[in-house]
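Q: Could you look at this predicted model? Sequence included:
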Amino acid sequence: MSFRTAEPSLKDVLDAIAKGDTQLPDFQRGWVWDDLHIKSLIASLSLSYPIGAVMFLEAGGVPFKPRLFEGVLLQPAPKPKTLVLDGQQRLTSMYLALRSGLPVKTRTEKGAEIHRFYFLDMAKCLDPAEDREDAVFSVPETFQVTSDFGRKVELDLSTHALHYQQRMFPVGLMFDTQGFMQWKMGYAAHHGNNADAMMFLMRFEQEIWLRFQQFKVPAIELTQDTPREAVCQVFEKVNTGGVTLTVFELMTATFAANDFLLRENWEARRGRFVAKHDVLRAVDGTAFLTAVTLLASYERHLTTKSAVSCKRADVLRLELEAFKQLQARVEAGFKKAAELLAEEKIFEVRGLPYATQLIPLATICARLGETVSQHGAKQKLLRWLWCGVFGELYGGANETRFGMDLPDVVQWVERGVEPRTVRDASFAPTRLLSLQSRLAAAYKGLAALLMKHGSKDFVSGTPVDLNTYFNNAIDIHHIFPRVWCESNKLPKEKWNSVVNKAPLAASTNRFISGDAPSIYLPRIQKSKQVPSTDLDVFLLTHAIPVAELRSDDFDGFIRRRASSLLGLIEVATGKAVSGRDSEETSKAFGGVLG
């Protein structure tokens, strides 16, 4: 990659935009500047103030689909020579206001759409005591500024004679040589070639108009050999709008060069995803592209032994043909992943431990196909899933782990060795106490394991499934109520931890209120006609120690339930949790966890 610097004149830059020689790559977002920004920019130009550098990309290298600037109407659009990476908002504003000859479709500070022409108050421009921004006027398409609901005309610029009389110069003529000459002649005629009027015009031309003609635009131009991933990185570094360019947007522009509408393709697919699987709302276009890239990389690895990788640069190198060949398999992989998660009682995004883990999970499903439905293969896949969750291995940059997971798990299913994610996973008993909110993946994982364990609602005895989860507003609630714990001055790190929580219907949680278990459990039995033996069974489905709960033995409850939760983790991961009898564990829980 190489680049060069230049200082083209503003006139040449705007002329290139008008001719279609300079265009925008399709990933650039739309023009959004408001009226106030445009007026301020015109004022800066009139003072020869710097307005920042722009960045161009020499066309002909990376095959982006181009599009014309706002206000450029060329049919058919020519092939561009240059694409704008940074400076779109400024260049579009200058083109529309100074060169297009059209009313500028912009908006007020409050977002209301307006159409404007811009004028310079010549006298104010030449008065050093005046704020230059006060010399820039924005007028509607009618060329009249009104008040009192249109009944009073504050400024009328609807004829050239009114321009001349009020000495208001239309900035749309700034680079229109013929139009400017005609305007000057009209001005002279209107003022009868009066010496003072002509001197005034000459001063304006020399001190203001000439500044626009001589204005240079600092520019950096990247050459044709700039790779796609470099364009993406450079764009993000220089983008003054502060909005990160996603891989999906860049690939949308790349595929569009071959007449493939990636955004429409994705929107249709996303609709199919969420129609049946709420949890797939966690998947965006970039995640889908990453999964396709991961599968393509793995299948290439099988023949060339190349590394399996789906990092950003790899996604940006994804070829359209590879995407077309693999997209249906990867879509089926995501749907199968959602079905597996539902079996594990993970139904929605809120309960999904790691959205990122969906990428390797879906890709593994796509690669294994129908094999995923076989009992042995499914159990291995679920062990890998839960090891990732309780090992908390997907919280940072994960692309490297994705590249390990796919070949590791596929080989494991085909009688290979345990994947590194399974081997790496470990869970410390004291971690249970620090799991205080649903933000933690392991917290969400335990909630799902409890539901999978057969959790039945305290009142209805209904087990949690897909229907009851949504219909009964299942959420995680305190078993020893918060109010009771606080009134008894119990340590928050215990009562607010996952050890003291269970998935319950919202109505059940309200019925529990803030009372001690020794009070709310008999109330459930009496008011809801639940026999005590049945209620005890319901409690056991939550891995709740019944005797300790009924006697309000909070400390005993915490130790015994923590031990039970560790047992659920061990079953899910297929790995023993070490440290149950360690000094650290004993100190944290007030005793060992058997």
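A: Nice, thanks for sending it over.

Q: Next, count neighbours for the nearest residue to residue 475 once chain neighbours are set aside.
A: Residue nearest to residue 475 in three dimensions, not counting chain neighbours: residue 506, with 6.4 Å by C-beta to C-beta, 6 or more residues apart in numbering. For the C-beta atoms, the positions are set from N, CA and C on the backbone; glycine is no exception. The number of residues packed around residue 506, counting by other C-beta atoms under 10 Å, is 12.

Q: Can you give the contact residues for the longest helix along the chain?
A: Scanning the chain for the helix with the most residues, using DSSP state H, yields helix 320-343. Counting by C-beta atoms under 8 Å, 6 or more residues apart in numbering, helix 320-343 makes contact with 254-255, 258, 260, 265, 269, 272-273, 276-277, 279-280, 283, 288-289, 291-292, 295-296, 347, 352, 358, 361-367, 369, 372, 378, 381-382, 385, 466, all of which sit outside it.

Q: In that helix, which residues are buried?
A: Along helix 320-343, these residues count as buried under the neighbour rule (16 or more other C-beta atoms under 10 Å): 320, 322-323, 326-327, 329-331, 333-338, 340-342.

Q: from the middle of its chain, how far away would it be?
A: Averaging C-alpha positions (C-alpha atoms, centre = their mean, to the nearest Å) puts helix 320-343 21 Å from its chain's average.

Q: Over to stretch 491-501?
A: Centre-to-centre, stretch 491-501 and its host chain are 33 Å apart (C-alpha atoms, centre = their mean).

Q: go on, stretch 258-266?
A: Counting by C-alpha atoms, centre = their mean, stretch 258-266 comes out at 19 Å from the chain centroid.

Q: first to last residue in it, what's the distance?
A: Across stretch 258-266, the terminal residues are separated by 16 Å (C-alpha to C-alpha, to the nearest Å).

Q: what about that stretch, average pLDDT?
A: Model confidence over stretch 258-266 averages 90 on the pLDDT scale.

Q: now swap in stretch 361-375 and tell me
A: Within the predicted structure, the mean pLDDT of stretch 361-375 is 96.

Q: List the buried residues in it.
A: By neighbour count, and taking 16+ other C-beta under 10 Å as the criterion, the buried residues in stretch 361-375 are 361-368, 372.

Q: show me where the stretch 101-250 of the chain has strands.
A: In the stretch 101-250 of the chain, the strands defined using DSSP state E, counting those that start in this stretch lie at 104-107, 113-121, 136-139, 144-147, 152-156, 168-170, 219-222.

Q: just the buried members of the contacts of helix 320-343?
A: If you count burial by 16+ other C-beta under 10 Å, the buried members of the contacts of helix 320-343 come out as 254-255, 260, 265, 269, 273, 277, 279-280, 283, 288-289, 291-292, 295-296, 347, 352, 358, 361-367, 372, 378, 381-382, 385.

Q: List the ones among those residues that fall in helices.
A: Here DSSP H is the test, and these give 254-255, 265, 269, 273, 288-289, 291-292, 295-296, 358, 361-367, 378, 381-382, 385 as lying in helices.

Q: re the thing from before, I'd like the strands of the stretch 101-250 of the chain as TSV, with distance to residue 583, mean neighbour count and mean pLDDT appended.
A: What follows is these, written out as TSV (distance: least, C-beta to C-beta, whole Å; neighbours: other C-beta atoms under 10 Å; pLDDT from 0 to 100):
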stretch	distance to residue 583	mean neighbour count	mean pLDDT
strand 104-107	65	19	93
strand 113-121	69	18	96
strand 136-139	74	22	96
strand 144-147	80	13	90
strand 152-156	82	12	92
strand 168-170	83	22	97
strand 219-222	60	19	90
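
Q: Tabulate those (a markdown table), appending distance to residue 309.
A: Formatted as a markdown table, those follow (distance: least, C-beta to C-beta, whole Å):
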| stretch | distance to residue 309 |
| --- | --- |
| strand 104-107 | 44 |
| strand 113-121 | 46 |
| strand 136-139 | 52 |
| strand 144-147 | 60 |
| strand 152-156 | 62 |
| strand 168-170 | 57 |
| strand 219-222 | 25 |
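
Q: so which of those gets nearest residue 442?
A: strand 219-222 (45.1 Å; C-beta to C-beta).

Q: where are the low-confidence patches of the stretch 101-250 of the chain?
A: Across the stretch 101-250 of the chain, the stretches falling below the confidence threshold (pLDDT under 70) are 232-233, 235-245.

Q: show me where it has helices.
A: In order along the chain, the stretch 101-250 of the chain carries the following helices (DSSP state H, counting those that start in this stretch): 122-125, 160-166, 177-190, 195-204, 210-214, 228-238, 247-256.
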